[in-house]
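build me a model:
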Amino acid sequence: MPGWLAGAWADLADLVLPTDCAGCAAAGAALRYGVCPSCIAALEALTPFATRPTPAPPGMPRCVALGGYDGVLREVLLGYKERGRYTLSRPLGALLARAVAEASSDARTPVLLLPVPATAAAARRRHGDHVWRFARHAAAELRRSGRTAAVAQPVRALPRPDSAELDRAGRAAAAATAFRLRAGRVPSTQRRAARAAVVLVDDIVTTGATLAAVRLLLAEAGLQVYAAAVLAATARRAAPARGTAI
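Numbering: from 1, shown residues only. Prediction:
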């Protein structure tokens, strides 16, 4: 196993987990954080790529995804978000760190991760903010690799419809009024961002409306977003040919 990810899968004692793999549902395999060795290998083989909706919404930042929203990555994300497999936050954070590193390629520059916040209803349903959880692990993984990294959350989410039930126009309309600045946290975030590359992080990008809305809101507070990094891009996001400039 590559050294950068070995700690994410193996540095804690085994926990009491479901007996089926979160990636392929295989039963009886030796699991680490609920994922079997073959699915771990599939996740490790993913290569981050630049992704962009067509058309891209105004304000959409440059974005890097770890993989497409399909196969093992999709199943692991669903297990984490919707099926209570919360121990997956650590390996997912380590995987996200790869997309962040690709989005902010100068390793000498500190990085400040700003996770897209969950609504209060979603956080209650998932026993916490799922993006915040794996963003902290991503920052820790970046620090283990020698990068200066931190996490901040100057934005809060307001109640909004489930985006899975909305079309592109509906997603854009919902995202435009879905977030507010946390006034008490903006000054400290501005100070931390002054010497860092600010990277928005989320689990999935579909139309880009959420990333665009958060970026524009932050810009009003003088916080300039350098890029975005996500774990997965939906099928409508075609991955570019390898080697395409980001």
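
buried set for stretch 192-199?
For stretch 192-199, the neighbour count (16 or more other C-beta atoms under 10 Å) marks 192, 193, 196, 197, 198, 199 as buried. C-betas here are computed from N, CA, C, even on glycine.

same question, stretch 151-161
For stretch 151-161, burial by neighbour count (16+ other C-beta under 10 Å) applies to 151, 152, 153, 154, 155, 157, 160.

residue 113 is in contact with residue 199, correct?
Yes: using C-beta atoms under 8 Å, residue 199 is in contact with residue 113, at 5.6 Å.

any shared contact partners between these two?
Between them, residue 199 and residue 113 have residue 100 as joint contacts when contacts are counted by C-beta atoms under 8 Å, 6 or more residues apart in numbering.

got the contact list for the residue nearest to residue 104 when sequence neighbours are not counted?
Leaving aside its sequence neighbours, residue 104 sits nearest to residue 197 (C-beta to C-beta, 6 or more residues apart in numbering; 4.3 Å). Going by C-beta under 8 Å, 6+ apart, residue 197 touches 104, 106, 109, 110, 111, 112, 226, 227.

out of these, which one sits closest to residue 45?
Checking the contacts of residue 197 against residue 45 by C-beta to C-beta gives residue 104 as the nearest, at 22.3 Å.

the closest one and residue 199, how far apart?
6 Å (C-beta to C-beta, to the nearest Å).

overlap in contacts of those two?
With C-beta under 8 Å, 6+ apart, residue 104 and residue 199 have common neighbours 111, 226, 227.

wait, what's in contact with the second one?
Going by C-beta under 8 Å, 6+ apart, residue 226 touches 61, 62, 103, 104, 197, 198, 199.

now with 7 Å?
Taking C-beta atoms under 7 Å, 6 or more residues apart in numbering, we find residue 226 in contact with 104, 197, 198, 199.

give me the subset of the residues you listed lying in strands.
Using DSSP state E, the subset of those located in strands is 197, 198, 199.

partner residues bridging the last one?
Each beta-bridge partner of residue 199 is listed here: residue 113, residue 227, as defined by DSSP bridges.

my guess is it contacts residue 100, does it?
Yes: Residue 199 lies in contact with residue 100 (C-beta atoms under 7 Å); the separation is 5.5 Å.

who touches both of the two?
Common neighbours of residue 199 and residue 100, using C-beta under 7 Å, 6+ apart, are 111, 113, 229.

quick check: the farthest pair among the contacts of residue 226?
104 and 198 (9.1 Å).

could you pull out the helices for the protein?
With helices called from DSSP state H, the chain shows them at 3-10, 37-44, 71-82, 89-103, 120-125, 130-144, 168-176, 186-193, 209-220.

identify the residues contacting the last one?
In other words, helix 209-220. Helix 209-220 is contacted from outside by 57-61, 63, 116, 155, 171-172, 175-176, 178-179, 181, 200, 202, 205, 225, 228, using C-beta under 7 Å, 6+ apart.

before we move on, back to that, which stretch among the helices of the chain is buried most, on average?
Most buried of the helices of the chain, by mean neighbour count (mean count of other C-beta atoms under 10 Å): helix 89-103, with a mean of 25.

which residues touch that one?
Helix 89-103 is contacted by residues 5, 8-9, 33, 43, 48, 64-66, 80, 111, 113, 133-138, 141-142, 199, 201, 227-231 when judged by C-beta under 7 Å, 6+ apart.
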